[in-house]
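[1] Fold the following for me, if possible:
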Amino acid sequence: MKPKYLVVVLMVLIVGLLAVACTSTDTPETPATAAPADANAITGIVWKWQTLNDVAAGSSTRVPDPDKYTIVFNTDGTTTGQADCNTFSGTYSQQNGFSISVTPDVMAACDIGSMDQQFLNLLDEVAAGGPDGAGGLNLQTAGGAQQMLFSNGGAAP
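    Numbers count the residues shown, from 1 in each chain. This is a model prediction of the structure:
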């Protein structure tokens, strides 16, 4: 090969190597985007009953001890919880609205002023509900006549 061609070949190789060295083989970084929040992300959380709004009567009742009125929704469609001095289990569905069916594990008589019966009855009457957009849970009876507002009590054990 003549020296002139050798110089040209070397120049092409050098230019090619420089082009490769200056070109990133990494894929361009794209900003991380958060996955959209699941509007039905209610499972695995201890929901504590805070307030009962009786829309029909225009009244609101604050639950005296939310730690005694809880519900946990499991991914398999089952639910467990506490209604004051009683515990319960049951099932729930979010198809065609929202429905809950609970049964006390043992029905003990709680102290006077307990809301245990009211809590269990309202859960059985739930017809709609879901996350309230502020980190809580809102469950409603038919037509929204009564609304049960819950706070997030943290991950279920």
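[2] Do you have the strands of the chain handy? List them.
    For the chain, applying DSSP state E gives strands covering 45-54, 59-62, 69-73, 78-83, 86-93, 99-104, 126-131, 137-141, 146-155.
[3] what does the third one rub up against?
    Applying C-beta atoms under 8 Å, 6 or more residues apart in numbering, the contact partners of strand 69-73 are 42-49, 63, 79-84, 92, 100, 115-116, 119, 123, 150, 153, 156. Placement of C-beta: from N, CA and C, glycine included.
[4] Single out the most deeply packed of the strands of the chain.
    Highest mean neighbour count among the strands of the chain (mean count of other C-beta atoms under 10 Å): strand 69-73, with a mean of 24.
[5] Kindly format the C-alpha coordinates of that strand as PDB.
    Extracted as PDB, the C-alpha positions of strand 69-73 are listed here (Å, rounded to 0.1, in the frame of the first residue of the first chain):
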ATOM      1  CA  TYR A  69     -63.200   0.900  65.000                       C
ATOM      2  CA  THR A  70     -61.000  -0.400  62.200                       C
ATOM      3  CA  ILE A  71     -61.200  -2.300  59.000                       C
ATOM      4  CA  VAL A  72     -58.500  -3.900  56.800                       C
ATOM      5  CA  PHE A  73     -59.100  -4.800  53.200                       C
END
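[6] Strand 86-93 and that one, what's the angle between them?
    Angle of strand 69-73 versus strand 86-93, following axes from the mean of the first three to the mean of the last three C-alpha atoms, to 10 degrees, is 40 degrees.
[7] Tell me how far strand 69-73 lies from the chain's centre.
    Centroid displacement of strand 69-73 relative to its chain, using C-alpha atoms, centre = their mean, to the nearest Å, is 13 Å.
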